[in-house]
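Enquirer: from the sequence below, what's the structure:
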Amino acid sequence: MAAHESSRRRFLKTAGAGAVGLAMTPAASYARILGANDRVRVGLVGFSDRTRSSLLPALLRHAGELNFEVTAVSDIWRRRREEGGDVVERLTGRRPALCRNNEELYERRDVDAVIIGTADFQHALHCVEAVQAGRDAYVEKPLANTMADARAVRQAVRASGRIVQIGTQRRSSLKYQRAREYLASGAFGP
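Expert: Numbering: from 1, shown residues only. Here you go, the predicted structure:
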């Protein structure tokens with residue numbers, strides 16, 4: 001496996017785990033010193049409330065140790081795009097490129113992977129766009145609203161060979177697991 005693929009795998013694993021608030025044990029990441037060629041340059045596709053409150057903070061918690069950098073924000077709504085740039089700059093000290101749409105983002109050479117935090121009905125389309133543009137992706141849940149969209153994503157990912165992680169926080173969060181156990185115990189009643 002190439003070094004950049006390994007770094008991207010760590011990015012997607014960590015972004016997914018961080019987004020759910022899980023503590024990862026990145027022991028493998030300490031085994032070597034990361035160089036500039038191992039940096040994963042991340043673009044944010046959509047600057048939603050979820051991106052601001054959960055996805056970006058989770059990414060930035062691990063950015064230093066795993067060599068992540070937010071390089072671009074894409075949002076068709078100027079207000080959100082500028083807010084995204086301001087927030088990233090405030091948190092990192094660097095202003096990302098502001099892209100009016102995803103086509104502008106994917107034209108950039110400084111975006112290796114994306115975090116897709118757009119409206120639910122757009123996730124599948126944006127995932128297909130990302131992998132067809134040669135980018136690895138973390139996609140917020142739900143991945144798709146129809147089986148046709150889910151199949152289109154599967155086909156695009158298989159054809160591209162890109163790495164895709166789908167957020168499933170409610171399935172892995174301890175509070176939801178405990179709620180399920182409580183319901184299954186019968187203590188809640190019929």
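Enquirer: tally of neighbours for Ala113?
Expert: Close neighbours of Ala113, defined as other Cβ atoms under 10 Å, add up to 23. The C-beta positions use only the backbone N, C-alpha and C, and glycine is treated the same way.
Enquirer: over to Tyr182?
Expert: 11.
Enquirer: what's the spacing between it and Gly189?
Expert: Distance of Tyr182 to Gly189, computed by Cβ to Cβ, to the nearest Å: 11 Å.
Enquirer: ok, Gly93 next?
Expert: Summarising the geometry, the distance separating Gly93 from Gly189, computed by Cβ to Cβ, is 54 Å.
Enquirer: and Glu103, by the same measure?
Expert: In this structure, Glu103 and Gly189 are separated by 54 Å, where distance is defined by Cβ to Cβ.
Enquirer: and if you look at Val73?
Expert: Relative to Gly189, Val73 is positioned 48 Å away (Cβ to Cβ).
Enquirer: comparing the two, which residue is more hemmed in?
Expert: Set side by side, Val73 and Gly189 show more neighbours around Val73, with 27 against 5, by other Cβ under 10 Å.
Enquirer: ok, what's across the strand from the more buried one?
Expert: Leu44, Leu98 (DSSP bridges).
Enquirer: just give me the neighbour total for the nearest residue in space to Glu83 that is not next to it in sequence.
Expert: If the residues on either side of it in the chain are set aside, Glu83 comes closest to Phe47, at 6.1 Å by Cβ to Cβ, 6 or more residues apart in numbering. Neighbours of Phe47 under the rule other Cβ under 10 Å: 27.
Enquirer: can you list the residue ranges for strands in this structure?
Expert: Secondary structure of the chain (DSSP state E): strands located at 40-45, 68-74, 97-99, 113-116, 136-139, 164-166.
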